[in-house]
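Visitor: Coordinates for the following, if possible.
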Amino acid sequence: MRVLVGCEFSGIVRDCFNAMSTDSNPIFAVSCDILPTEALGPHIQDDLLNHINDGYDLVIAHPPCTYLSSSGLHWNKRKPERQLLTDQALEFIQAIWDCNAPKLCIENPVGCISTRLDLPKPQYIQPYEFGEDASKKTGLWTRGLPPLVGTSFVEPRIVDGKKRWANQSDAGQSRLGGGSGHVRSVTYFGIAAAMAEQWT
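Guide: As a prediction, the model looks like this:
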């Protein structure tokens, strides 16, 4: 099984898939990003679209959400030049979806993908459903893959009757403040492990 993990510099998803490889079920996963990999392993430093149609059995893509997520779209009205960047980001998503891989997953936070593109309805997951003490509602747009099943639920702390996880302040704000998009874009290990275990 050949797996391409697009827009991944951390190597987390790639390494989870390669860890599942056996003699009877060989798996070769490679990450691809315009950034170099942060973890030693098979990596292509290039534009994902230059490699996405190279005969992979499964493509998992984590396209940048800066101009797609609900948390940033309000800036498009204040800064009209951002709308062009949103349109370009959506074109990138569509190009990924149109690739020839029989199995595909596009991962992104809640945003405008479903309202702007004619893709199947996504599955929404939370890190706390996969053993991570964190909240980050994330959509998975898939084809040829079963829904991802939660592996271990992490109970929240309760603040004034509201649920909060470790990546949230008591008021519900992200503890990963401004300027930390690089950190926020990394896939949680519990989700990556579930993908590798359930999709191979």
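Visitor: alpha carbons only for contacts and neighbour counts from here, please
Guide: Fine.
Visitor: How about the contacts made by residue 168?
Guide: Counting by CA atoms under 8 Å, 6 or more residues apart in numbering, residue 168 touches 134, 135, 174, 175.
Visitor: and the residue of the chain most remote from its centre, what pLDDT?
Guide: What lies farthest from the middle of the chain is residue 160; by CA atoms, centre = their mean that is 31.2 Å. For residue 160, the pLDDT comes out at 95.
Visitor: pLDDT wise, what is the nearest residue to residue 6 once chain neighbours are set aside at?
Guide: Distance criterion CA to CA, 6 or more residues apart in numbering; nearest residue to residue 6, sequence neighbours excluded, is residue 61 at 4.4 Å. Looking at residue 61, its pLDDT is 98.
Visitor: beta partners of residue 162?
Guide: Following DSSP bridges, residue 162 is listed with bridge partners residue 159.
Visitor: How many residues are close by the residue lying closest to residue 38 once chain neighbours are set aside?
Guide: What sits nearest to residue 38 in space, not counting adjacent residues and going by CA to CA, 6+ apart, is residue 10, at 5.1 Å. By other CA atoms under 10 Å, 21 other residues sit near residue 10.
Visitor: so who does residue 10 touch?
Guide: Contacts of residue 10 (CA under 8 Å, 6+ apart): 37, 38, 39, 186.
Visitor: Make a ChimeraX selection of whichever of the residues you listed turn out to be buried.
Guide: Buried members of the contacts of residue 10 can be picked out in ChimeraX with the line below, counting by 16 or more other CA atoms under 10 Å:
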select :37
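Visitor: And the residue nearest to residue 38, which helix or strand is it part of?
Guide: Using DSSP states H and E, residue 10 is not contained in any helix or strand.
Visitor: Now do the SS call for residue 5.
Guide: What DSSP: H, G, I helix; E, B strand; the rest coil gives for residue 5 is strand.
Visitor: strand partners of the host helix or strand of residue 105, parallel vs antiparallel please.
Guide: If you go by DSSP H and E, residue 105 is part of strand 103-109. Sheet pairing of strand 103-109 (DSSP bridges) gives strand 58-61 (parallel), strand 138-143 (antiparallel).
Visitor: longest helix anywhere in this protein?
Guide: Counting by DSSP state H, the longest helix found in the chain is helix 81-97.
Visitor: Mean pLDDT per helix and strand in this protein: which one sits at the bottom?
Guide: The weakest-scoring helix or strand in the chain, judged by mean pLDDT, DSSP states H and E, is helix 181-184 (a mean of 58).
Visitor: before we move on, back to that, tell me how far the residue nearest to residue 6 lies from residue 79.
Guide: Distance, residue 61 to residue 79, by CA to CA, to the nearest Å: 28 Å.
Visitor: Name the residue in these two with the higher neighbour count.
Guide: Neighbours were counted for residue 61 and for residue 79 using other CA under 10 Å; residue 61 has more, 25 against 9.
Visitor: pretty sure the more buried one contacts residue 106?
Guide: Yes: using CA atoms under 8 Å, residue 61 is in contact with residue 106, at 4.8 Å.
Visitor: The host helix or strand of residue 15 - contacts with which helices or strands?
Guide: If you go by DSSP H and E, residue 15 is part of helix 12-19. Judged by 3 or more CA pairs under 8 Å, 6 or more residues apart in numbering; DSSP states H and E, helix 12-19 is in contact with strand 2-6, strand 28-33, helix 189-198.
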